[in-house]
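Undergrad: Sequence below, structure please.
(one chain, ligands or ions: 1)
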Amino acid sequence: MPGPYDYDLFTIGAGSGGVAGSRRAASYGAKVAIAEDWRIGGTCVLRGCVPKKLLIYGAHFAHEMEDARGYGWTVEGRLDWGKLIAAKNRETDRLEGIYKSLLSGAGVEAILGRARIVGPNAVEVAGRTVTAKYILLATGGRPERPDIPGIEHSITSNEALDLVEFPRRVIIVGGGYIAVEFAGIFRAAGASVQIFIRGEKILRGFDDDVRDHLTAELLKQGIEIHAGANVARIERVKTGDRIVLSDGRAHEADCIMYATGRTPNTHDLGLEAVGVHTDKSGGIPVDEWQCTTVPGIYAIGDVTNRVNLTPVAIAEGRAVAETLFNSNPTAMDHSDIPSAVFSQPPVGTVGISEGDAVRLYGADGTDVYKATFRPMKHTISGRDERTMMKLVVESSTGRVRGVHMVGADAPEIIQGIAIAVRAGLAKRDFDRTVAIHPTAAEEFVLMREKLKR
Ligand code: NDP
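TA: Okay, here's the model as predicted:
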């Protein structure tokens, strides 16, 4: 459709990626509107990363009180779950307000309502049709649950963040990021927690030492992990809800949470009508410029179902704005993206796993350095928690290809280390860096012995 258009850019979805891309486009003088059918801020800010981390902070005072006792303090405490949820809600409401003012401050028009594409340059929203030179799809994803009898008795992370009553017995199905993070929250807050996974180990895709180390730590806290478990159905009984496994065994809880992955929000967006393709996973394939199969229609973040992390969506949104409105063609580089799992203890990771390195360089072409130790803090606190740190090195070049850590502050430490990995630094660069003592992070520059497998 030839111009003129109502807008230069029309973004669908006001989550982190959509908001970042829209603001950046507006900063270059583009006329931008953004549509949202729920609340401004999206998953990360309102029912994902941020509220989850606030609950983690809240629940983990239990560990800190336990540690304090080892150091001579007399502390007793009880968590008022309702107060924690209310405080979390106040903070997410505040953040929603900030997001709204960021948009209006940038001159982006926010439209509340569900938007559908009705032509290559046309969108229907809030009862009217508007035109735009470019359309940006940033609709994110939602929790996905298998279609088994009784699944309606389970909750997802969406509801878990807003539970009014604290569940004393929790069952979590799935063993990914969300499952282990919520297991840590519920356990620290005092619930009994059982995780059911269909495979053999939690955190598929992570380095095996990370998976094994975290498993051991979760077990020490009393979290039960049932491997090879296939849930056949869920039943509501007088005393709670129960899952029945395919082998007939049943387990009861006050709350059954499914954390079995997320699926892209592509339904009822009008994609088929204009020819925007989706793939088998429901994600929208894009080229290096984030362009879909229809020129002028772009997609970023979880709806593309590639690397489903907030900072990636933000970077992709900004890249689109640079390309379209600042004559600065920018392609997102998805290599060496650091990430964290906010389990107890947390995981931080960047680059490839040992398994991937062996597949790429062979066992002889891969050097591994690993340390496990009891952090100094726990020599007195009495807490039985160990830290694991690991470097995966390509032996022919000496380049550090992967760094993995399970332990206190791992996400904070790995954020810094990720700069070294992205910069392509070698093990010898780590070796000639002076340690900061006494820290846990210093292990990364002190590891000398190659692991013999
Ligand atoms: P994940 O994809 O991480 O894990 C899904 C888990 O569910 C796996 O253990 C998988 O098992 C299992 N599973 C999948 N389908 C079934 C099924 N039908 N029956 C039983 N088990 C099943 O998903 P999450 O929901 O934990 O998280 C979604 C995404 O959100 C993550 O991939 C991540 O990108 C993002 N996220 C990031 C966070 C962070 O950065 N800290 C925090 C939270 C989410 P199997 O291993 O056998 O396939």
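Undergrad: contacts, neighbours, all on C-alpha from now
TA: OK.
Undergrad: State the distance from the residue of the stretch 1-150 of the chain found nearest the ligand to Ala340.
TA: In the stretch 1-150 of the chain, the residue that lies nearest the ligand is Pro146 (4.8 Å; C-alpha to the nearest ligand atom). Distance from Pro146 to Ala340, counting by C-alpha to C-alpha, to the nearest Å: 26 Å.
Undergrad: who's more crowded, the two?
TA: Ala340 (19 against 10; other C-alpha atoms under 10 Å).
Undergrad: so what's that one scoring on pLDDT?
TA: The confidence metric pLDDT takes the value 98 at Ala340.
Undergrad: dump the residue contacts of the residue of the stretch 1-150 of the chain closest to the ligand.
TA: The contact partners of Pro146, taken as C-alpha atoms under 8 Å, 6 or more residues apart in numbering, are Thr260.
Undergrad: how near is it to Lys31?
TA: Taken as C-alpha to C-alpha, the span from Pro146 to Lys31 is 42 Å.
Undergrad: Close to the ligand: what parts of the stretch 1-150 of the chain are there?
TA: Pro146 (C-alpha under 6 Å from any ligand atom).
Undergrad: what about the helices in the stretch 1-150 of the chain?
TA: Using DSSP state H, counting those that start in this stretch, the helices of the stretch 1-150 of the chain run over 16-27, 42-47, 49-59, 61-70, 81-105.
Undergrad: Please identify the most buried of these.
TA: Highest mean neighbour count of the helices of the stretch 1-150 of the chain: helix 16-27, a mean of 26 (counted as mean count of other C-alpha atoms under 10 Å).
Undergrad: now the angle between helix 81-105 and that one, please.
TA: 20 degrees (axes from the mean of the first three to the mean of the last three C-alpha atoms, to 10 degrees).
Undergrad: Output helix 16-27 as PDB, restricted to C-alpha atoms.
TA: Extracted in PDB, the C-alpha atoms of helix 16-27 (Å, rounded to 0.1, in the frame of the first residue of the first chain):
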ATOM      1  CA  SER A  16      10.300  -5.100  27.000                       C
ATOM      2  CA  GLY A  17      11.200  -5.600  23.300                       C
ATOM      3  CA  GLY A  18       8.300  -3.700  21.800                       C
ATOM      4  CA  VAL A  19       8.800  -0.800  24.100                       C
ATOM      5  CA  ALA A  20      12.500  -0.600  23.500                       C
ATOM      6  CA  GLY A  21      12.200  -0.800  19.800                       C
ATOM      7  CA  SER A  22       9.400   1.800  19.700                       C
ATOM      8  CA  ARG A  23      11.200   4.300  21.900                       C
ATOM      9  CA  ARG A  24      14.400   4.000  19.900                       C
ATOM     10  CA  ALA A  25      12.400   4.500  16.600                       C
ATOM     11  CA  ALA A  26      10.700   7.600  18.100                       C
ATOM     12  CA  SER A  27      14.000   9.000  19.100                       C
END
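Undergrad: what's it in contact with?
TA: Counting by C-alpha under 8 Å, 6+ apart, residues outside helix 16-27 touching it are 9, 11-13, 32-34, 41-42, 44-45, 99, 102-103, 106-108, 136-139, 300-301, 310-322, 324-325.
Undergrad: hmm, back to that, and the helices of the stretch 1-150 of the chain as JSON lines, adding mean pLDDT?
TA: Converted to JSON lines, the helices of the stretch 1-150 of the chain look like this (pLDDT from 0 to 100):
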{"stretch": "helix 16-27", "mean pLDDT": "98"}
{"stretch": "helix 42-47", "mean pLDDT": "97"}
{"stretch": "helix 49-59", "mean pLDDT": "98"}
{"stretch": "helix 61-70", "mean pLDDT": "97"}
{"stretch": "helix 81-105", "mean pLDDT": "98"}
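Undergrad: Near the ligand, which residues of the stretch 201-350 of the chain are found?
TA: Residues of the stretch 201-350 of the chain lying near the ligand (C-alpha under 6 Å from any ligand atom): 202, 204, 259-262, 308-309, 339-342.
Undergrad: Just the buried ones from these, in ChimeraX syntax?
TA: Per 16 or more other C-alpha atoms under 10 Å, the buried members of these correspond to this ChimeraX selection:
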select :202,259,260,261,262,308,309,339,340,341,342
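Undergrad: From the residues of the stretch 201-350 of the chain next to the ligand, which land in helices?
TA: Using DSSP state H, no member of these falls within helices.
Undergrad: Tell me the one among the residues of the stretch 201-350 of the chain next to the ligand nearest to Val125.
TA: Proximity of these to Val125 (C-alpha to C-alpha) peaks at Arg262, which lies at 25.6 Å.
Undergrad: Show me where the stretch 201-350 of the chain has its strands.
TA: For the stretch 201-350 of the chain, the strands defined by DSSP state E, counting those that start in this stretch occupy 224-226, 231-237, 240-245, 250-253, 255-258, 262-264, 297-299, 339-341, 347-351.
Undergrad: can you put these in a markdown table and add distance to Ala273?
TA: Below are the strands of the stretch 201-350 of the chain laid out as a markdown table (distance: least, C-alpha to C-alpha, whole Å):
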| stretch | distance to Ala273 |
| --- | --- |
| strand 224-226 | 45 |
| strand 231-237 | 37 |
| strand 240-245 | 41 |
| strand 250-253 | 45 |
| strand 255-258 | 33 |
| strand 262-264 | 18 |
| strand 297-299 | 13 |
| strand 339-341 | 36 |
| strand 347-351 | 39 |
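Undergrad: Look at the closest residue to Gly301 other than its chain neighbours and say how many residues are nearby.
TA: Ranked by C-alpha to C-alpha, 6 or more residues apart in numbering and with sequence neighbours excluded, the top spatial neighbour of Gly301 is Ala313, at 4.0 Å. When neighbours are defined as other C-alpha under 10 Å, Ala313 has 29 of them.
Undergrad: who's in contact with Ala313?
TA: 16-18, 300-302.
Undergrad: ditto for Ile417
TA: By C-alpha under 8 Å, 6+ apart, the contact list for Ile417 reads Val403.
Undergrad: Which residues outside stretch 270-286 are in contact with it?
TA: 116-120, 263-264, 266, 292-294, 298-299, 302-305.
Undergrad: what about 10 Å?
TA: Contact partners of stretch 270-286, identified using C-alpha atoms under 10 Å, 6 or more residues apart in numbering, comprise 115-124, 137, 140-141, 262-267, 269, 290-295, 297-306.
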